[in-house]
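**Student:** show me the folded form of this:
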Amino acid sequence: RRNRTRTTPWSGGRPAKPVSRACAARTSACGTGSSPAATSCCSTRTWSSNAATCSTGWWRCAKTLSAWPGFSGSASSSTFCSGGFRPGTSSASCGRSWASTAPSSRCPTRRSGLTWTSPATWPSPRRSWAAADAPAETEAFRRHRPSRMRPEGNGGRSRALRRSARIAAVTKLLVDRPYQTITLTHLSELLGAAKSTLSEDIAIIRETFARLELGRVETIAGAAGGVRYAPLLSGAQMRAVVGGLVEALSDPERILPGGFLYVNDIVAAPQLLAQIGELFATRFYDREPDVVVTVETRGIPIAMMTARALNVPLAIVRRSRRLGDGTVVTMNYVSGSAQRIETMSLSRRAVPAGSRVLIIDDFMKAGGTARGLVDLMGEFDAEVAGIGVLIETAAPEEKLVDDYTSLVVLEAVRERPREVVVRPSAWLAGV
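**Tutor:** This is a model prediction of the structure:
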């Protein structure tokens, strides 16, 4: 508040009577008992007829924007209620003078936070309330004020966030950036809070995520440390995801002529793909892959969601060369099921030498494609950290690759009677 603003605070458990300069002496004794007229004025919460010099007083609550005039003694009781006065106030209590209501009946906030100001100090109606209360800014103040008070794009000042708002913001940042370290310095500048305060917020998020099995929030120590989110699923959650997948694949309506199975809707369902990606990420995160590799085309959505859950890039192996790939490595491989020669190509820039790669595919029968991808990664001097497959067939039992993880096993597709026999992979029983 500017220095010229005159206020009379609350005292003695009840409000002191606000007055203009002509009534300053009487108001200073209001509520103390030293002035009978003023004490009577405070106790009845109206101006008495003896307060002639103050009979036309206008007052307002400093916590609101609108001015509150007194009312005439001849007004009806309904006028009192519509004007904001306490119900039951009668015109007789006002006498012939003007009355000013008590803060308890006019102000919408608690008594302890209210003061009354004189009309002489009110800002011009053409000026905003914030502008009237804001201190005069100097150039030095604008340069050195805290970042949380600096003007935003709309010309206003950003206010410090409450804990609930900070927790919501940090949670959003972590979930949208799995396995990406977010420094406390960045969070402090973004949210305008001290690092110690943010550490307490992160502890609440970590405890909540652990209790509800929503993943793991990890704190990384050191100068370049911070916090990151790992979307790890529990054993029960993984079994639930695969159980829903088995139920969907068991529908006889998926059977196509020739004993094929329709799965295009599964590899195009965003919510299911996100869960499958997190499942593969949970299975392989401890192997610390640098790149996820897949072959076009139906394996791309599954591999993309897995790469997002692990926060690593995706490399797509093509069946044919493209002009935008630049220098490519092309090799031939023998398809395990059809026993025919296939070709695959990958840009030389897609996988850096020495990388640890995770191979993800949608379907495996004999494992010829997976074997070809393993051999192709050898041309890049890359190490295969693991192989993940959405669906594998029960036959043949001997695959061309050994170390792989599938989610479901397709045992049979019968056209007569129409039946799909599918089950979860055996490794899920031990998680």
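
**Student:** now the strands: where do they sit in the stretch 251-400 of the chain?
**Tutor:** 255-256, 260-261, 291-295, 314-317, 328-334, 341-347, 356-364, 383-393 (DSSP state E, counting those that start in this stretch).

**Student:** how many degrees apart are the longest one and strand 291-295 in direction?
**Tutor:** Looking back up the chat, that one is strand 383-393. Angle, strand 383-393 to strand 291-295, by axes from the mean of the first three to the mean of the last three C-alpha atoms, to 10 degrees: 40 degrees.

**Student:** for strand 383-393, name the packing helices and strands.
**Tutor:** Other helices and strands packing on strand 383-393, by 3 or more C-beta pairs under 8 Å, 6 or more residues apart in numbering; DSSP states H and E, are helix 270-284, strand 356-364, helix 368-379, strand 405-415. Yep, even glycine has a C-beta here, placed from its N, CA and C like the rest.

**Student:** if we use 10 Å, what do you get?
**Tutor:** helix 235-249, helix 270-284, strand 291-295, helix 299-310, strand 356-364, helix 368-379, strand 405-415 (3 or more C-beta pairs under 10 Å, 6 or more residues apart in numbering; DSSP states H and E).

**Student:** which of the ones you listed sits most buried?
**Tutor:** Mean neighbour count (mean count of other C-beta atoms under 10 Å) peaks for strand 291-295 among the helices and strands packed on strand 383-393, with a mean of 26.

**Student:** okay, the angle between it and helix 270-284?
**Tutor:** Going by the same axes, to 10 degrees, strand 291-295 makes 120 degrees with helix 270-284.

**Student:** partner strands of strand 291-295 and their direction?
**Tutor:** According to DSSP bridges, strand 291-295 forms sheet pairs with strand 314-317 (parallel), strand 356-364 (parallel).

**Student:** which residues are in contact with the first one?
**Tutor:** Residues from elsewhere that reach strand 314-317 (C-beta atoms under 10 Å, 6 or more residues apart in numbering): 291-297, 299-300, 303-308, 325, 328-329, 331, 344-347, 349-351, 355, 357, 359-360, 369, 372-373, 376-377, 380, 382.

**Student:** re the thing from before, nearest to Lys399, of the helices and strands packed on strand 383-393?
**Tutor:** strand 356-364 (7.0 Å; C-beta to C-beta).

**Student:** low-confidence ranges, the stretch 101-250 of the chain, go.
**Tutor:** Applying pLDDT under 70 to the stretch 101-250 of the chain flags residues 101-159.

**Student:** which stretches of it form strands?
**Tutor:** Counting by DSSP E, counting those that start in this stretch, the strands of the stretch 101-250 of the chain are 115-117, 216-220, 226-230.

**Student:** ranking the ones you listed by mean neighbour count, which comes first?
**Tutor:** strand 226-230 (a mean of 21).

**Student:** other SSEs contacting that strand?
**Tutor:** Packing contacts for strand 226-230, counted by 3+ C-beta pairs under 10 Å, 6+ apart, involve helix 163-176, helix 184-191, helix 195-212, strand 216-220, helix 270-284.

**Student:** 6 Å instead?
**Tutor:** Other helices and strands packing on strand 226-230, by 3 or more C-beta pairs under 6 Å, 6 or more residues apart in numbering; DSSP states H and E, are strand 216-220.

**Student:** Provide the strand pairings for the strand it packs on, with the direction of each partner.
**Tutor:** Paired strands of strand 216-220, with direction, are strand 226-230 (antiparallel) (DSSP bridges).

**Student:** neighbouring contacts of the partner strand?
**Tutor:** For strand 226-230, the external contacting residues (C-beta atoms under 6 Å, 6 or more residues apart in numbering) are 174-175, 178-184, 202, 215-220.

**Student:** any idea which of the residues you listed is the one closest to Leu190?
**Tutor:** Ile182 (9.4 Å).

**Student:** out of the strands paired with strand 291-295, which gets nearest to Ile387?
**Tutor:** Among the strands paired with strand 291-295, strand 356-364 comes nearest to Ile387, with 4.6 Å by C-beta to C-beta.

**Student:** what is the burial count for Arg321?
**Tutor:** Arg321 is flanked by 13 other residues according to other C-beta atoms under 10 Å.

**Student:** same question for Pro257.
**Tutor:** Residues near Pro257, counting by other C-beta under 10 Å: 6.

**Student:** got the phi and psi for it?
**Tutor:** Per-residue torsions, Pro257: phi -60, psi 140 (degrees, to the nearest 10).

**Student:** for it, list the residues it contacts.
**Tutor:** Here Pro257 is in contact with no residue (C-beta under 6 Å, 6+ apart).

**Student:** measure it to Ser196 for me?
**Tutor:** Note on Pro257: its distance to Ser196, by C-beta to C-beta, to the nearest Å, is 66 Å.

**Student:** ok so, going back, output the helices and strands packed on strand 383-393 as a markdown table; include the columns distance to Arg211.
**Tutor:** Listed next are the helices and strands packed on strand 383-393 as a markdown table, based on distance: least, C-beta to C-beta, whole Å:
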| stretch | distance to Arg211 |
| --- | --- |
| helix 235-249 | 14 |
| helix 270-284 | 18 |
| strand 291-295 | 31 |
| helix 299-310 | 21 |
| strand 356-364 | 30 |
| helix 368-379 | 39 |
| strand 405-415 | 27 |
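
**Student:** out of those, which comes closest to Leu190?
**Tutor:** When those are compared by C-beta to C-beta, helix 299-310 sits nearest Leu190, at 22.5 Å.
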